[in-house]
Structure formats: structure tokens, C-alpha cells
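Novice: give me coordinates for this.
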Amino acid sequence: MERLSLLGTIAWRNLWRHPRRTVLTALGLGLGLALLLISIGLGDGGHAQMIENGVRLGSGHVVVQARGYQESRAQDLLLPQYIAATVQETLADGRGAGQPTHVSPRLLASGLLSSAAHAAGVTVIGVAPQAERAVSLIPGKIIEGTYLSDAGHPGIVIGEELARKLAVRIGSRVVLMTQALRQPQTGTPGNIHSALFRVSGIFRTGLRDVDAYVVHLPLPQVQELLGVPAYITQVAVFLSHDSATLPVARRLRQVLASEDIEVLTWPEALRELAQFVWLDDAFNYVMLAVILAMVGLGLLNTMLMAVLERRYELGVCAALGLQPGQLAAIVLYESLALTVLGVGIGLLLGLGGHWYFATTGLDLRWFTEIDLSTAGTVFDPILYSRLSLSRLLWSVAVVFLMAVVLAVYPALQAAHTRLPDALRVL
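Specialist: Next up is the predicted model:
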């Protein structure tokens, strides 16, 4: 132990014989780790915000619907409305591995919305207004008027693009025409129905497919219009944490196994969004690998040059009786000390940058003024960093392991010091 302690002391003193080189190398390693932590934090934060907006614009973290609806989108694939109550009771019994924020029943159909000036095809979504206010992105995106209410005369909520196309504003009258769905009991096709509504709210999400084609109506009015008073299209389940998605889906599949129902997680229901997140993650890993490779080559160059510059010193140590393994140990100790110093600097800078972006955020409006959207979701204008403990430990472990592995080659070079060549003074 005393010999190892002595070798460690020699290694530490060797580092500070060239303080500028030591500080610059540690700083380079620390900046690499800091960039890694900040990039991972912003990447994970951006993905979390995209997923959150995607599920709030879509069908939730978990969706319950008739089997085959995901592929066919057939409007007559309906569920009895009591399924929504069954889902709520199942998740309220404490065995759902995660409590839902809300369970929202919905009825979807296609229709034609017309005003005095124009007409446009739309997707009609019948919702429970009170439940929808707590989970959907649209109630928070109202720019004129108000969202739907459970009480009072039913209005209709439309997107900004649709309002511009129809040349309507708050209070304008519009006519919604749609075909009643096939009766689930008889299978007979329904008749064409129409109803008059007043525009009560106009929203803007930044996603054109939503702003130009989606309208919200109270669920009872849509059920009456379509002639299916006791049926819905799907039950959207919104959770407090995305991590509970899979356990909740498994629980619902067990309970609803006897029904002709499919229970999908959001990656299964929103495939385009899931694929985009996976692809973006893969690209981020490639870029981070490039950053680490550059930092690693710099560290390798510094350690190797330090060994070559001290060839005479290593020869003297060998002449005094140090074994090749001990010479290699000195270089490895130097590398470990340098790595610990660099990791400390990296944690200080990286966690500081993460804290700033987690509290203040990265304002994307510095780069563009337009609304950003992709894969059926929208980007928030301010990006917040999210860095989990597992990601932090993983990042530190990768940098530390890289530095140790790269130190092996300089250490072998030191161990291969040969006498008397190393003692020649050129």
C-alpha cells in the first residue's frame, strides 16, 4: 500500500510540473462532459415536451378503442359508453401502476361545416368539456372566445385556419352536416343530419392539420347528431407520468380482455411521433459520440506527449529499480487524477448549464418566429432541460471509462521504456 501511495504521489506531482497543460486538458475533458450533459438534458426535455403536446393533441398516453379502429379509422367501430366508466373504475382501484390525470371519452366523425361564405370538410370530436379542459392542449390555445361548457347552449370550437377559411368569428352561425353512423345493433346506415351552432371559441395550436380541420363539440350533441346516444369512439387516458404508460396499458388489457377492444400505448397510437423521437435520439447519440471522440483524442495526445517528453525521467526511474508495471501505474494514476479533475469541472459546468436551461429555458424564438411542428405535434417556443439521475450517472461513467481506456496506450509506452536508450541525452 505504501508503494502504491508513493506512486500516486509521484503521479500527482508530475501533473503539476506543467500546470497550464494539466488545466487545459482537464478543462477540455470537462467541457466535453458539460456538452454531453447539456445536450442530453435539452434532448430529453424537448422529447418530453413533444410527447406531452402530442398526447394532449392526440388520444392520450393510453387509448381504448374498438379493435381495428387504429388501422381502418372506420367511424362505425364504436364502444359502449359504459367502457369509459369501467376504465375509470379500473384505474381508481390503486392497481393501475400509476394514477391517471383524467379519463376522457370521445366520439369522432367526419362532417361538412359551412358558413354563409364557404364550406369545408372537418373532423368532429365530441368531448366531455370539463374533462377535456384538464387534459387537452386545445382549451389552453383559445385565442378568441371561450372553450366549451357543460352547461348552457352548446357552441362549437374551431381552429384559426378554419375560421379564416369560413370567414367567421365569435358568435357567427355555422351549419354542421354529417351522416348518422350505422346503428351498432342493426348495422343499418344512418341518414344525413345537420345542426346549427354558434362559434364560441377559436384556437391556434400551430399545427395546420388541427387548426384547419378539427372542431370540438360537447359529446351529447355529437351523439345526438350521429344517432348513437350511448356510444363513443375511444377512451383517452392521460397520466401524470409517461413512465406509467406501459403498466396502465397492461392492466386495462387484463380487465378488458373479454371485450372486442384494443388498448394502445401512445407509441402504438402515435407511430409517427414515436419514430421521430427514436430517430432524433439516434442522431443525438451520433453527434455526442463525435464530441467525445474529439475530446478523447485530445486527452490521448496530451498523455502520450507527456510520456514521450519524460522518456529520460522514466529511464532514470527504471535504472533505479522501478518495474515496467510500476512505470505504467504512474501514468495510469496521472490519467485517473486528470480524469477526476476533468469530471469535476464537467459536472460543475454541465449541471450549471442544465440548471439554467431547466429554470429559464432555451427560447427557440431567437432562431425563428414561426410555429414549429412535426410528427403530429408542436414544439413549445421555450425548451426546458430534463436530466434524470440515471442519465447523469451514465454520462459520467462513459466519460470516465473513455479516459481510462485511452490512458492504457501511454501507460504501455511508459512500461516499454528500454535501457540504456532512454538515458541517452540528445
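Novice: so what's the nearest residue to residue 118 once chain neighbours are set aside up against?
Specialist: Sequence neighbours aside, residue 166 is the residue nearest to residue 118 in space, at 5.2 Å (criterion: CB to CB, 6 or more residues apart in numbering). Placement of C-beta: from N, CA and C, glycine included. By CB atoms under 8 Å, 6 or more residues apart in numbering, the contact set of residue 166 is 113, 114, 115, 117, 118, 119, 120, 158, 172, 174.
Novice: what is the mean pLDDT for the helix or strand residue 55 falls within?
Specialist: Using DSSP states H and E, residue 55 maps to helix 19-57. What helix 19-57 shows for mean pLDDT is 86.
Novice: how far does it sit from its chain's centre?
Specialist: In terms of CA atoms, centre = their mean, to the nearest Å, the centre of helix 19-57 is set 14 Å apart from its chain centre.
Novice: now swap in stretch 206-216 and tell me
Specialist: 23 Å.
Novice: using CSV, write out every CA atom in that stretch.
Specialist: This file holds the C-alpha atoms of stretch 206-216, laid out as CSV (Å, rounded to 0.1, in the frame of the first residue of the first chain):
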residue,chain,number,x,y,z
GLY,A,206,-49.6,25.9,-34.7
LEU,A,207,-50.4,22.6,-36.3
ARG,A,208,-52.2,23.2,-39.6
ASP,A,209,-53.9,19.8,-39.7
VAL,A,210,-55.6,20.7,-36.4
ASP,A,211,-56.2,24.4,-36.9
ALA,A,212,-57.8,23.9,-40.3
TYR,A,213,-59.8,20.7,-39.9
VAL,A,214,-60.7,19.9,-36.2
VAL,A,215,-63.8,21.1,-34.4
HIS,A,216,-64.8,20.4,-30.8
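Novice: list the buried ones in it?
Specialist: 206, 207, 210, 211, 212, 213, 214, 215, 216 (16 or more other CB atoms under 10 Å).
Novice: between the residues you listed, which is closest to residue 51?
Specialist: Set against residue 51, the nearest of the buried residues of stretch 206-216 by CB to CB is residue 207 (14.7 Å).
Novice: wait, which of the buried residues of stretch 206-216 is closest to residue 136?
Specialist: residue 216 (8.2 Å).
Novice: what secondary structure does the closest one sit in?
Specialist: Following DSSP: H, G, I helix; E, B strand; the rest coil, residue 216 is assigned to strand.
Novice: now do the same contact list for the nearest residue to it once chain neighbours are set aside.
Specialist: Spatial nearest neighbour of residue 216, chain neighbours left out: residue 157 (4.2 Å); criterion: CB to CB, 6+ apart. Going by CB under 8 Å, 6+ apart, residue 157 touches 138, 142, 145, 147-148, 199-203, 215-217.
Novice: among the residues you listed, which are in strands?
Specialist: 142, 145, 199, 200, 201, 202, 203, 215, 216, 217 (DSSP state E).
Novice: now these in TSV, with pLDDT and distance to residue 75?
Specialist: What follows is those, written out as TSV (pLDDT from 0 to 100; distance: CB to CB, whole Å):
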residue	pLDDT	distance to residue 75
142	91	27
145	90	28
199	93	24
200	92	25
201	92	25
202	93	26
203	93	23
215	93	15
216	94	17
217	93	15
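Novice: rewinding a little: which of the contacts of residue 157 count as buried?
Specialist: 138, 145, 147, 148, 199, 200, 201, 202, 203, 215, 216, 217.
Novice: give me the most central residue, the protein.
Specialist: Among the residues of the chain, the one closest to the centroid is residue 47, at 2.1 Å (CA atoms, centre = their mean).
Novice: mind checking how far that one is from residue 382?
Specialist: 15 Å (CB to CB, to the nearest Å).
Novice: residue 227 too?
Specialist: From residue 227 to residue 382 the distance is 45 Å (CB to CB).
Novice: I'd assumed residue 108 was in a strand, is it?
Specialist: Yes - assessed with three-state DSSP, residue 108 lies in a strand.
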